[in-house]
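Engineer: Just need the structure, nothing else, for what follows:
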Amino acid sequence: MGLFDIFRRHKKKEEEKTPDSSSAVVQSETAHEDESADTTSAAPASAPIHPEPVNIPPADSYEEKINPDGTRETFHNGVKEEKEEVTNEESHSEEVADSSVSEEEVPSSSTPNETISAEESASSSTSETKEAVEPTEPVAEEEKTVEEPLITTEEKPAEDSSAAEESNETDNSEENDGDEEQQPSPEPEEDQETETVKKYDRGLEKSRTGFGARLNKFLANFRHVDEDFFDDLEDMLIESDVGYDMAMKLSDELREEVKLQNAKNKQDVSNVIIEKMVELYDEAGQDENPDLTMAKEGPTVIMFVGVNGAGKTTTIGKMAALFKKQGKKVLLAAADTFRAGATEQLDVWAKRDGVDIVTGPENGDPAAVVFDAVKRAKDENYDILFVDTAGRLQNKVNLMNELAKMKRILTREIPDAPHEVLLVLDATTGQNALNQAKLFKESTDVTGIVLTKLDGTARGGIVLAIRNELHLPVKYVGLGEKVDDLQKFDAGDFVYGLFKGLVEVD
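Structural biologist: Numbering: from 1, shown residues only. Below is the predicted model:
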């Protein structure tokens, strides 16, 4: 896949996601508006109706005072009342009481006329009692009128609340049905692919920034294509750790590039340079297999080699977690008995990942640990065996012989083992990592490379040099410190992460 095809594919994915997010925002806004409209429309029905305030006169007060001469004086609301009115009221109340008693004592055998006269006298007496005892009749009428709408409002909210509950149930059912219809089926592959692109973007940020700064500095002096242009281009590429051979090959290819001769601005020149780099990168890796070689039957044995500090033990721990998530049964072999704390470090990773480990005594024979591990892997049907080895330089003859001894033991127990010998390189060392890979390839059968610590360096261009000069596939890359930041190498995602923002496509 060409450079522009890679960028067009990523651009298309971003454009597809943008309308979805905007439509989701619009849907959420409309749903919020509908909810607010429902609440505002439902509020008047359930809100209680407050009656108008009623002016109630103060209650009557009666006071009695005894004069020195023994007479009594009554004050009504602070006004002195005459004795006759009091006696009239008392006699009137006594008449009302007598009439009520007589009304109750009327026998059932009385004549109709007597009954009617008794009822009339009772009604007259009750009316007179109301006039005497309840002088504020209009207030009572107003209170009655106020109580009637209160009764109605207590009845209506019950009906409205039941109706509102029914409407809410129907709305909720419709919303649930709509959600079930609108929510697409989960697509973990697309989510995982998007997350991988983000990790490459973050992990290669320093490399992209460094290469982009050098490229912009180079293009700032661009006037036209001449010999000085290619000299400056070669210097820029070597500084970007793409390797001397890659820089010279790219310069030679660009001298005959018609697009470069027809370039009219700096962006066109940048596109041509990066496109040619990607083309050479693809050509150099046509026969490479970025996938791990797995055993057809029995356990798959993967051995890790490299110098001290490259990240072998950490890489084993992260890769063990990766395969454990895939449902594989993983076993670790702590064959680095030379470095102090190496066994303990791998044991911590094994406990963290929930996998088994085979260890030996400190400064013991690493070949014995490998033998015990491979026997256990066969007997207990493990899927993968990761073998950690001591950091060694390629010029240490005794350590390289020790590595050859471990390989012989593995091959004796499992004929095709080790299925992979992965060289772990520290990307921060730049060209030194390239030299290590060359020498390890000469002394042992390296089948692939794990490039670690890419997130902490601006020398990500070393991947181009490794493929161009060694023709060794980069199988995994470390893009961060988290366990899941160890990612399977993808050339398209790597190119996009390295040159993002430096290439313009239609």
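
Engineer: Only C-alpha atoms from now on, for both contacts and neighbour counts.
Structural biologist: OK.

Engineer: Name the residues of stretch 212-228 that are buried.
Structural biologist: For stretch 212-228, the buried set under the neighbour-count rule, 16 or more other CA atoms under 10 Å, comprises 212, 214-216, 218-219, 222.

Engineer: scratch that, stretch 318-333
Structural biologist: Buried residues in stretch 318-333 (16+ other CA under 10 Å): 318-322, 324, 329-333.

Engineer: quick revisit: which of the buried residues of stretch 212-228 lies closest to residue 231?
Structural biologist: residue 218 (10.6 Å; CA to CA).

Engineer: Flag the shaky bits of the stretch 351-500 of the chain, pLDDT-wise.
Structural biologist: Residues of the stretch 351-500 of the chain that meet the criterion pLDDT under 70 lie in 394-395.

Engineer: do that again at 90, thanks
Structural biologist: 361-364, 390-404, 428-445, 454-472, 480-482, 484, 490-500 (pLDDT under 90).

Engineer: ok, now the stretch 101-250 of the chain?
Structural biologist: Applying pLDDT under 90 to the stretch 101-250 of the chain flags residues 101-230, 232-233, 236-246.

Engineer: can you give me the strands in this protein?
Structural biologist: For the chain, strands defined by DSSP state E occupy the ranges 62-66, 72-76, 79-81, 300-305, 330-334, 356-358, 384-388, 420-426, 448-452, 474-478, 486-488.

Engineer: Dump these to CSV, plus distance to residue 463.
Structural biologist: Putting the strands of the chain into CSV (distance: least, CA to CA, whole Å) gives the following:
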stretch, distance to residue 463
strand 62-66, 108
strand 72-76, 110
strand 79-81, 112
strand 300-305, 18
strand 330-334, 28
strand 356-358, 32
strand 384-388, 24
strand 420-426, 11
strand 448-452, 8
strand 474-478, 8
strand 486-488, 14
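
Engineer: Looking at those strands, which is nearest to residue 398?
Structural biologist: That would be strand 300-305 among those, by CA to CA, at 14.7 Å.

Engineer: now, which of the buried residues of stretch 212-228 lie within helices?
Structural biologist: Of the buried residues of stretch 212-228, the ones assigned to helices by DSSP state H are 212, 214-216, 218-219.

Engineer: With distance to residue 407 added, can I get the residues you listed in TSV?
Structural biologist: Shown next, in TSV, are these (distance: CA to CA, whole Å):
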residue	distance to residue 407
212	43
214	44
215	45
216	48
218	48
219	51
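
Engineer: re earlier: what is the nearest of the buried residues of stretch 318-333 to residue 357?
Structural biologist: Nearest member of the buried residues of stretch 318-333 to residue 357, counting by CA to CA, is residue 332, at 4.5 Å.

Engineer: Just give the nearest non-adjacent residue to the closest one, would you?
Structural biologist: Spatially, and ignoring its direct neighbours in sequence, residue 332 is nearest to residue 357 (4.5 Å; CA to CA, 6 or more residues apart in numbering).

Engineer: I'd guessed the one you found sits against residue 350; true?
Structural biologist: Yes - if you go by CA atoms under 8 Å, residue 357 and residue 350 touch, sitting 6.4 Å apart.

Engineer: In terms of neighbours, single out the busier of these two.
Structural biologist: residue 350 (22 against 19; other CA atoms under 10 Å).

Engineer: Please name the residues that touch that one.
Structural biologist: For residue 350, the contact set (CA atoms under 8 Å, 6 or more residues apart in numbering) comprises 317, 332, 356-357.

Engineer: hang on, the earlier thing: quick one: which of the buried residues of stretch 212-228 is nearest to residue 298?
Structural biologist: Of all the buried residues of stretch 212-228, residue 212 has the smallest distance to residue 298: 47.4 Å, by CA to CA.

Engineer: average model confidence for stretch 327-342?
Structural biologist: In this model, stretch 327-342 has a mean pLDDT of 92.

Engineer: Tell me how far the closest residue to residue 366 other than its chain neighbours lies from residue 403.
Structural biologist: Leaving aside its chain neighbours, residue 366 sits nearest to residue 335 (4.6 Å; criterion: CA to CA, 6+ apart). Distance, residue 335 to residue 403, using CA to CA, to the nearest Å: 10 Å.

Engineer: Give the residues shared as contacts by these two.
Structural biologist: Residues touching both residue 335 and residue 403 by CA under 8 Å, 6+ apart: residue 389.

Engineer: Number of residues surrounding the closest residue to residue 367 other than its chain neighbours?
Structural biologist: Closest residue to residue 367 apart from its sequence neighbours, by CA to CA, 6+ apart: residue 406 at 5.1 Å. For residue 406, the neighbour count with other CA under 10 Å is 22.

Engineer: Kind regards, and thank you for your time.
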